[in-house]
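> attaching a predicted model along with its sequence, questions to come.
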Amino acid sequence: MPDPQYVIFGSEYSPFSVKVRSYFRYKDIPHEWRPRNRDNLAEFQALAKLPLIPLVLSPDGTVQQDSTPIIETFEEAFPDPALQPPSELLAYLSCLIEDYADEWVNKPMFHYRWWRTEDQEAVSVALARANMPNGDREAIEELAATVRKRMVPRLSFVGSNEVTKPVIEASLDNLLTLLNAHLRGRNYLFGGRPALADFGMFGQIYGCLQQPTTEKIIRQNYPEITSWIEQMLDPEIHGDWEDWSSLAPTLEPILKSEIGALYLPWSLANEAAVLKRKDDFSLTLMGQPFNQQTVKYAAKSLQVLRSRLAGVKDRQSLDRILQDCDCLQPLVTKSQTA
């Protein structure tokens, strides 16, 4: 009798959907990938508490949404092979990088997707075709125009505007350079097998390969990242975890210049604004102003990172690394309401 099969409602153009699909493939969890489109929209809406993908439907009828909680839940049911390194230190850093990918790397992915006309047109047509697999040319063009009209104004959701554009684009350039160097000579972020951090980062950078501007940037300049993305589409184990001493030379720069200098200061400012019930907030990043509307989910994510850190039994080495990378203070000090 075949194993019970799960259903993943998602989209090839949803970073969080392909993140979950990659995890299911790695764990060899029986599943059907069901692209959400007009043909199954009614079924999806009947199941979904929120109009968000991915949505995982279990054989017993249980429904789950939100990529990180989905992965954490399935990790309990399918613990082998392990998702995280056995080292508490590395496991925490993996969680931190995954959170950074979900909340910050999503910014340049989404920014490049809807900022320039060439990308707007390419992605809107691709989304329309995916939503109407049997649609004729006229119907697809009409839907693509509707998608573009709806999505471009949503750039504000990720803080993308004329003022923040230089920071967002420079951050992606920096990440790609450092990540390519880190992946040189290794299969995944923490060695020979994928960790939670890989799945989070993969989703966003895979999204960058689906839009002309960033696809050209990555394919022409970052061969190690291109190879890693191909592996992450259907990950396999190629070796063991590395230890911090071998990872540090190329992973520390990512932690310091991206997470310590950009993501956590942004997250702390966002949290302060949420606590004060403000609609937006501003701070200085890379010596330039950065302003956007508040993001409640990101404030919750920061709380989770703090809770995870508090649960680490041996903090000495981890705290030293976080301190050296300018990450520790935001992870131990909550913003004040006044």
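Structure received.

> strands along the chain, start to end?
In the chain, the strands defined using DSSP state E lie at 6-10, 31-35, 55-57, 63-65, 280-285, 288-293.

> winner for burial among the ones you listed?
Sort the strands of the chain by mean neighbour count, taking mean count of other Cβ atoms under 10 Å, and strand 55-57 sits at the top with a mean of 23. In this view, the C-beta of every residue, glycine as well, is placed from N, C-alpha and C.

> could you measure from residue 174 over to residue 332?
Distance, residue 174 to residue 332, using Cβ to Cβ, to the nearest Å: 26 Å.

> the more surrounded of these two?
Regarding residue 174 and residue 332, a neighbour count based on other Cβ atoms under 10 Å identifies residue 174 as having more, with 17 against 14.

> which residues touch that one?
Neighbour list for residue 174: 257, 258 [criterion: Cβ atoms under 8 Å, 6 or more residues apart in numbering].

> cutoff 6 Å now
Contacts were defined as Cβ atoms under 6 Å, 6 or more residues apart in numbering; by that measure residue 174 touches no other residue.

> and residue 162, backbone torsions?
phi -60, psi -30 (degrees, to the nearest 10).

> residues near it, how many?
Around residue 162 sit 6 other residues, with neighbours defined as other Cβ under 10 Å.

> so what's residue 110 closest to, chain neighbours aside?
Nearest residue to residue 110 in three dimensions, chain neighbours excluded: residue 158, at 4.7 Å (Cβ to Cβ, 6 or more residues apart in numbering).

> and the pLDDT for the one you found?
In this prediction, residue 158 carries a pLDDT score of 95.

> residue 293 is in contact with residue 280, isn't it?
Yes. Counting by Cβ atoms under 6 Å, residue 293 touches residue 280, with 4.6 Å between them.

> so where is the chain shaky, pLDDT-wise?
1-4, 336-338 (pLDDT under 70).

> centre-most residue in the chain?
With distances taken as Cα atoms, centre = their mean, residue 102 lies nearest the centre of the chain, 3.0 Å away.

> around the nearest residue to that residue once chain neighbours are set aside, how many other residues sit close by?
With Cβ to Cβ, 6+ apart as the criterion, residue 102 has its nearest non-adjacent residue at 5.4 Å, and that residue is residue 200. Other residues lying near residue 200 total 28 when counted by other Cβ under 10 Å.

> how close does residue 200 get to residue 18?
Counting by Cβ to Cβ, the separation of residue 200 from residue 18 is 11 Å.

> how much space is there between the nearest residue to residue 67 once chain neighbours are set aside and residue 139?
Once flanking residues are discounted, residue 67 sits nearest to residue 16: 4.1 Å by Cβ to Cβ, 6+ apart. In this structure, residue 16 and residue 139 are 27 Å apart, going by Cβ to Cβ.

> compare these two (neighbour count), which wins?
Taking residue 16 and residue 139 together and counting by other Cβ under 10 Å, residue 16 has the greater number of neighbours (24 against 12).

> measure that one to residue 91 for me?
Plainly put, residue 16 is 21 Å away from residue 91 if you go by Cβ to Cβ.

> spatially nearest residue to residue 73, not counting backbone neighbours?
If the residues on either side of it in the chain are set aside, residue 73 comes closest to residue 64, at 6.3 Å by Cβ to Cβ, 6+ apart.

> thinking again about what came up before, export the strands of the chain to CSV and tack on distance to residue 80?
Below are those laid out as CSV (distance: least, Cβ to Cβ, whole Å):
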stretch, distance to residue 80
strand 6-10, 17
strand 31-35, 17
strand 55-57, 19
strand 63-65, 20
strand 280-285, 41
strand 288-293, 41
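
> wait, which of these is closest to residue 130?
Distances from residue 130 to each of these were compared using Cβ to Cβ; the minimum, 6.0 Å, belongs to strand 31-35.

> quick one: contacts of the closest one?
Judged by Cβ under 6 Å, 6+ apart, the contacts made with strand 31-35 from elsewhere in the structure are 5, 6, 7, 8, 9, 11, 21, 24.

> buried stuff in whichever helix in the chain runs longest?
As assigned by DSSP state H, the longest helix anywhere in the chain is helix 165-183. Neighbour-count burial for helix 165-183 flags 165, 167-169, 171-172, 174-183 (criterion: 16 or more other Cβ atoms under 10 Å).

> repeat for stretch 42-53
Taking 16+ other Cβ under 10 Å as the criterion, stretch 42-53 shows 44, 48, 53 as buried.
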